[in-house]
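This is a predicted model, with the sequence first.
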Amino acid sequence: MSAPTVESLLGDLDAERAAVMSLVREIPRSSWTLPTRAEPWTVRDQVAHLGWFDGSFARAISTPAEFEAERDAITDIAGYVDRTLSEVPEVGPAALAYWQDAARAFDDAARACDPSARLPWYGPPMSLRSAITSRIMETWAHGTDVADALGTRLTPTDRLRHVADIAVRARAQGYRVRSRDVPDVPVRVELTGPSGGAPWAWGDVSDVASQTSSVRNATRSIPDRIAGDAEEFCLVLVRRVHVDDTNLEITGDAAREWMELGQAFAGTPGKDPQRA
């Protein structure tokens, strides 16, 4: 499959934003203060977070030197995140308007950016396409928090393929933030997307089987593998759902360990998901 264009990625990002924005556009004022599973954040805080970091990425694209100076001045990341929330309007509809403005700024900056540019961020620099897909992932993850708080569900779409792809490529992240080594064991991933069709797959079957035989005893020939529903896989790796509350099929110790500590996002892991 060929790499998606910047414009197609922006289309998917705008569609994901629209799905989340539709959840909150008509809610009563009291619903903006409902708690979400990302304690102690409220619905308003989730929207504020999305707006702030869309705007922050717009600055990283348009004025990278200024963004880097702002980033490098941070000495307390937790305090910084709290301050970002305080700078967004408190009133729900105003917070939504703030996000809408930031989203437009991000899209405008992305369209004006050289697609080959390397962009600064709070972690390692990334490509423009990676920047957009990271916003899709973040919008979807926080959108599920909002939907959960409002007693509804964010309808899954095949845009989850972007989230799953980030999660697979970020396998090492959960180990890195815990100062642990990634097992030298490949894991095959096969997921069923919301629209069905051929599975989304990562990892070559023959390579996985060969590597497995070289690092395990000769009596075991089953490669490490994760298979099942794409939405469940993504919810586990954005650390919203405990793996044992899913129907994912997990084969092998390395695959199991990944599902227990993996994360698709940068930063600290926070609290481990608890069984429902």
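Noted; the coordinates are in hand. Numbering: from 1, shown residues only.

quick one: the helices in the stretch 101-250 of the chain?
Under the criterion DSSP state H, counting those that start in this stretch, the stretch 101-250 of the chain carries helices at the ranges 128-149, 160-169, 173-176, 205-215, 230-237.

If we go by neighbour counts, what in stretch 256-273 is buried?
Neighbour-count burial for stretch 256-273 flags 257-259, 262-265, 273 (criterion: 16 or more other CB atoms under 10 Å). All C-beta spots, glycine's among them, are computed from the backbone N, C-alpha and C.

now, which of the residues you listed lie within helices?
In this view, the buried residues of stretch 256-273 that belong to helices under DSSP state H are 257-259.

still on that earlier bit, can the helices of the stretch 101-250 of the chain go into TSV with extra columns for mean neighbour count?
Below are the helices of the stretch 101-250 of the chain laid out as TSV (neighbours: other CB atoms under 10 Å):
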stretch	mean neighbour count
helix 128-149	23
helix 160-169	21
helix 173-176	19
helix 205-215	14
helix 230-237	25
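
The ones you listed: lowest mean pLDDT?
Set side by side, the helices of the stretch 101-250 of the chain differ in mean pLDDT, and helix 205-215 is lowest with a mean of 45.

show me where pLDDT drops low in the stretch 1-150 of the chain?
1 (pLDDT under 70).

could you redo the last one with a cut-off of 90?
1-3, 38-39, 76-79, 81-83, 91, 122-124 (pLDDT under 90).

And the strands in it?
In the stretch 1-150 of the chain, the strands defined using DSSP state E, counting those that start in this stretch lie at 118-119, 126-127.

Save those as CSV, and put in distance to A38 and mean neighbour count too.
Output for the strands of the stretch 1-150 of the chain, formatted as CSV (distance: least, CB to CB, whole Å; neighbours: other CB atoms under 10 Å):
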stretch, distance to A38, mean neighbour count
strand 118-119, 26, 16
strand 126-127, 23, 16
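
With distance to G228 added, can I get these in CSV?
Formatted as CSV, the strands of the stretch 1-150 of the chain follow (distance: least, CB to CB, whole Å):
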stretch, distance to G228
strand 118-119, 33
strand 126-127, 28
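
Which of these sits closest to E66?
Proximity to E66 (CB to CB) singles out strand 118-119 among those, at 13.2 Å.

Mark out where each domain of the protein begins and ends.
Per automatic domain parsing, the structural domains of the chain span 6-154, 166-261.

now those as a markdown table including distance to L160?
As requested, the domains of the chain are exported to a markdown table (distance: least, CB to CB, whole Å):
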| stretch | distance to L160 |
| --- | --- |
| domain 6-154 | 7 |
| domain 166-261 | 5 |
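
closest to T42 among the ones in helices among the buried residues of stretch 256-273?
Using CB to CB, those come closest to T42 at M259, 29.0 Å.

Distance of the nearest residue to that closest one once chain neighbours are set aside relative to A255?
Excluding its sequence neighbours, the residue lying closest to M259 (CB to CB, 6 or more residues apart in numbering) is V243, at 4.2 Å. Taking CB to CB, to the nearest Å as the measure, V243 and A255 are separated by 10 Å.
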